[in-house]
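Q: Attaching a predicted model along with its sequence, questions to come.
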Amino acid sequence: VRAHLAERRSGDRPLNARSLSQTLAAIRGFHAFLDRRLDVATPQLALVRGPKVK
């Protein structure tokens with residue numbers, strides 16, 4: 001997940017901090033759905049911090 005966010009931040013069309021936070025929120029939401037429906041736990045995702053938003 002960190003590598004994906006780093007790529008989105010420094011790619012051809014870099015995203016700002018707010019967009020990266022929204023992306024991380026979407027990923028966390030999807031993994032929460034997987035945990036509820038398919039019992040796929042991803043506790044490592046809680047360790048990923050989002051960027052500082054000004």
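A: Here it is on my side, so go on.
Q: Nearest the middle, which residue of this structure would you pick?
A: Nearest residue to the geometric centre of the chain (Cα atoms, centre = their mean): Leu24, 2.3 Å.
Q: My guess is that residue contacts Val48. True?
A: Yes. Using Cβ atoms under 8 Å, Leu24 is in contact with Val48, at 6.8 Å. For every residue, glycine as well, the C-beta is placed using N, CA and C.
Q: which residues are in contact with both of the two?
A: Listed as contacting both Leu24 and Val48 by Cβ atoms under 8 Å, 6 or more residues apart in numbering are 1, 5.
Q: His4: which element?
A: Taking DSSP states H and E as the criterion, His4 maps to helix 2-10.
Q: list the helices and strands that helix packs on?
A: helix 17-38 (3 or more Cβ pairs under 8 Å, 6 or more residues apart in numbering; DSSP states H and E).
Q: The helix it packs on to helix 2-10, inter-axis angle?
A: Angle, helix 17-38 to helix 2-10, by axes from the mean of the first three to the mean of the last three Cα atoms, to 10 degrees: 150 degrees.
Q: Which residues does helix 17-38 contact?
A: Surrounding helix 17-38, the residues in contact under the criterion Cβ under 8 Å, 6+ apart are 1, 5, 8-9, 15, 40-42, 45, 48, 50-54.
Q: Whichever of those residues end up buried, select them in ChimeraX.
A: Those of the contacts of helix 17-38 that count as buried under 16 or more other Cβ atoms under 10 Å are selected in ChimeraX with:
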select :5,15
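Q: what's the most distant pair in the contacts of helix 17-38?
A: For those, the farthest-apart pair by Cβ to Cβ is Val40 and Lys54; their separation is 34.3 Å.
Q: Okay, buried residues for stretch 17-30 please.
A: By neighbour count, and taking 16+ other Cβ under 10 Å as the criterion, the buried residues in stretch 17-30 are 20-21, 23-24, 27-28.
Q: got it, and stretch 31-45?
A: His31.
Q: Endpoints of it, how far apart?
A: End-to-end distance of stretch 31-45 (Cα to Cα, to the nearest Å): 8 Å.
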